[in-house]
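[1] Sequence and predicted structure are below.
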Amino acid sequence: MRRLIVRVIRQLPMCILLFFGAAYSQPGSVSGELSLDQAVRNALDHHPGVQIGNAIVNLASSGVTQNVSTYYPQISAVGSFTRNDGTFVFNTPGFPIRSQTYNNLTGALQVTQTIFDFGKTINRVSASNRLYDAALASLDSTRESVIMNVKIAFYNFMQQQQVVTVNQEAVDQTSQHLAESKAFYSVGKRAQLDVTKSEVDYANAQVGLIVANNQMKLARLQLDNAMGIPGSTDYIVRDTFSVEPITLSLDSAKSIMESTRPELLAARARLEAAKATVNAIWDQNLPTLSASGTYTWSNFDFPLYSHWGAGVTVSLPIFQGFSITAQTDQARASEDAAEAALNLQEQSLELEIEQNYLGVKEAEERIAATSKLVEQAQESMMLAERQYVAGVGSALDVIDARLSLSNARITRIQALSDYNTFLVRLQRSMGVLSQ
């Protein structure tokens, strides 16, 4: 009983929101500067998956209340009024045939209470409690999935924004180099071929910028969808990729997953619910002891006269056409399926956490490697430009150096994005993303 009261209290804020229509508020729009925390809040407020999860929790909570209601007495009131009119023939000598009209008034208060049913109610309540636990865990799983998806989409949008910046800088640099080539050609220091190469390099940079802008638009659409707010107005993100090396071992990550991953908790709760359901169904073979009482008021007219009756009933099913046996077999099959689903869940999640852990480590190593790559590409670019201005280097050297620098910067951006993405996936695998 205490457990039920606690759950009802926990659901009160949600019920109030549902009453005022706030839980299913219409998606709004996002404009201006968007932070990662704001994106997550938007997703949790507006994403349909979270709303569905809340509804399923309410449904499971109602199931608990419905099964617990068996513990309480069932009280009902009955009232009737009948008017009779007709010819009455009496078979007793001395009573003549006559027409008569009279009323019949009846009122009753009925009370029934199950005293003991040998575990049927207890097991049904236990099963519904476990299903409620599974619904709560599934809601946590949905929330974590929504958070993971919106973070990944946010990092992808950040990545595409930074790639656009790199391509825009490439366009600016190739434009400047084209102007320099034309100036050198006009005074006879460079050949026409250098101008042509610079024009091709500038055109390629413009194409790269067009592609990058289109990829950024697609990333924005994906982020809008992840937040559950389609059609948002333009916004920008100014967050930077952070790199916080993880010191957690793979075994420790798996240990955390075993105790916190919502899918595992939900699968275990469903297995316990299936076991309790088997017991509840088999208990139908056992007797049920119940008490009942009736207090009745009746008469042909007012005033009404009262009388009461009370009794105890014992019912025992003897033969139900094998229906209880079939229901028990069906429940045991569901239990076997729930146990197999739990084993499958454990295996798939173990593989998932290993993949994400290795992904984090691999991205961490790539970040270190690409940092050195960018430094070398910047030095090569500066050297190529100096040699070109001094007349000892070619335009092709500058083009190759600039392309190498752009690729190195984009490769580093990709490594940073991958690290943060794999880290989010690892946190999701451990079941700690919403904590």
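    Structure received.
[2] For residue 320, give me phi and psi.
    Torsion angles at residue 320 (phi, psi; degrees, to the nearest 10) stand at phi -120, psi 30.
[3] Spatially, what comes nearest to it if we skip its sequence neighbours?
    residue 284 (7.9 Å; Cβ to Cβ, 6 or more residues apart in numbering). The C-beta positions use only the backbone N, C-alpha and C, and glycine is treated the same way.
[4] Wasn't the one you found part of a helix?
    Yes. Assessed by DSSP: H, G, I helix; E, B strand; the rest coil, residue 284 belongs to a helix.
[5] Can you name the residues in contact with the longest strand seen in the chain?
    In the chain, with assignment by DSSP state E, the single longest strand is strand 98-116. The contact list for strand 98-116, computed with Cβ atoms under 8 Å, 6 or more residues apart in numbering, reads 70-71, 73-88, 121, 288-302, 304, 312.
[6] redo that, cut-off 7 Å
    70, 73-85, 87-88, 121, 288-301, 304 (Cβ atoms under 7 Å, 6 or more residues apart in numbering).
[7] Pull out the buried members of those.
    Among those, those scoring as buried are 121, 288, 290, 294, 296-297 (criterion: 16 or more other Cβ atoms under 10 Å).
[8] Columns distance to residue 258 and secondary structure on top of those, output as CSV?
    Converted to CSV, these look like this (distance: Cβ to Cβ, whole Å; DSSP: H, G, I helix; E, B strand; the rest coil):
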residue, distance to residue 258, secondary structure
121, 33, helix
288, 41, strand
290, 44, strand
294, 56, strand
296, 61, strand
297, 63, strand
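[9] Look at the residue nearest the centre of the chain and tell me its secondary structure.
    The structure's the chain has its C-alpha centroid closest to residue 142; by Cα atoms, centre = their mean the separation is 1.4 Å. Three-state secondary structure (criterion: three-state DSSP) places residue 142 in helix.
[10] list the contacts for residue 120?
    280, 283-284.
[11] Return the member of those residues nearest to residue 347.
    Distances from residue 347 to these, taken as Cβ to Cβ, are shortest for residue 280 (30.0 Å).
[12] pretty sure the closest one contacts residue 125?
    No. Between residue 280 and residue 125 there is no contact under Cβ atoms under 7 Å: 8.9 Å.
[13] Now do the SS call for residue 392.
    Residue 392 ends up coil, using three-state DSSP.
[14] Which parts of this protein are helices?
    Counting by DSSP state H, the chain has helices at residues 2-20, 36-46, 48-68, 120-186, 192-227, 250-260, 262-282, 323-390, 395-430.
[15] What helices and strands are in contact with the longest one?
    Using 3 or more Cβ pairs under 7 Å, 6 or more residues apart in numbering; DSSP states H and E, the elements in contact with helix 323-390 are helix 250-260, helix 262-282, helix 395-430.
[16] Let's have these in TSV, adding distance to residue 237.
    Formatted as TSV, the helices and strands packed on helix 323-390 follow (distance: least, Cβ to Cβ, whole Å):
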stretch	distance to residue 237
helix 250-260	29
helix 262-282	28
helix 395-430	12
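[17] Could you dump those into JSON lines and include mean neighbour count and distance to residue 104?
    As requested, the helices and strands packed on helix 323-390 are arranged in JSON lines below (neighbours: other Cβ atoms under 10 Å; distance: least, Cβ to Cβ, whole Å):
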{"stretch": "helix 250-260", "mean neighbour count": "14", "distance to residue 104": "67"}
{"stretch": "helix 262-282", "mean neighbour count": "21", "distance to residue 104": "43"}
{"stretch": "helix 395-430", "mean neighbour count": "21", "distance to residue 104": "70"}
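[18] Select, out of these, the one closest to residue 133.
    That would be helix 262-282 among the helices and strands packed on helix 323-390, by Cβ to Cβ, at 4.1 Å.
[19] picking up where we left off before, next, format the helices and strands packed on helix 323-390 as JSON lines and append mean pLDDT and distance to residue 319.
    JSON lines is the format used below for the helices and strands packed on helix 323-390 (pLDDT from 0 to 100; distance: least, Cβ to Cβ, whole Å):
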{"stretch": "helix 250-260", "mean pLDDT": "95", "distance to residue 319": "47"}
{"stretch": "helix 262-282", "mean pLDDT": "96", "distance to residue 319": "16"}
{"stretch": "helix 395-430", "mean pLDDT": "92", "distance to residue 319": "52"}
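[20] Out of those, which gets nearest to residue 179?
    Nearest of the helices and strands packed on helix 323-390 (Cβ to Cβ): helix 395-430, 12.7 Å.
[21] okay, the angle between that closest one and helix 36-46?
    50 degrees (axes from the mean of the first three to the mean of the last three Cα atoms, to 10 degrees).
[22] and helix 395-430, what does it pack onto?
    Against helix 395-430 (3+ Cβ pairs under 7 Å, 6+ apart) you get helix 120-186, helix 192-227, helix 250-260, helix 323-390.
[23] Would you format those as a markdown table with distance to residue 414 included?
    Converted to a markdown table, the helices and strands packed on helix 395-430 look like this (distance: least, Cβ to Cβ, whole Å):
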| stretch | distance to residue 414 |
| --- | --- |
| helix 120-186 | 7 |
| helix 192-227 | 12 |
| helix 250-260 | 24 |
| helix 323-390 | 8 |
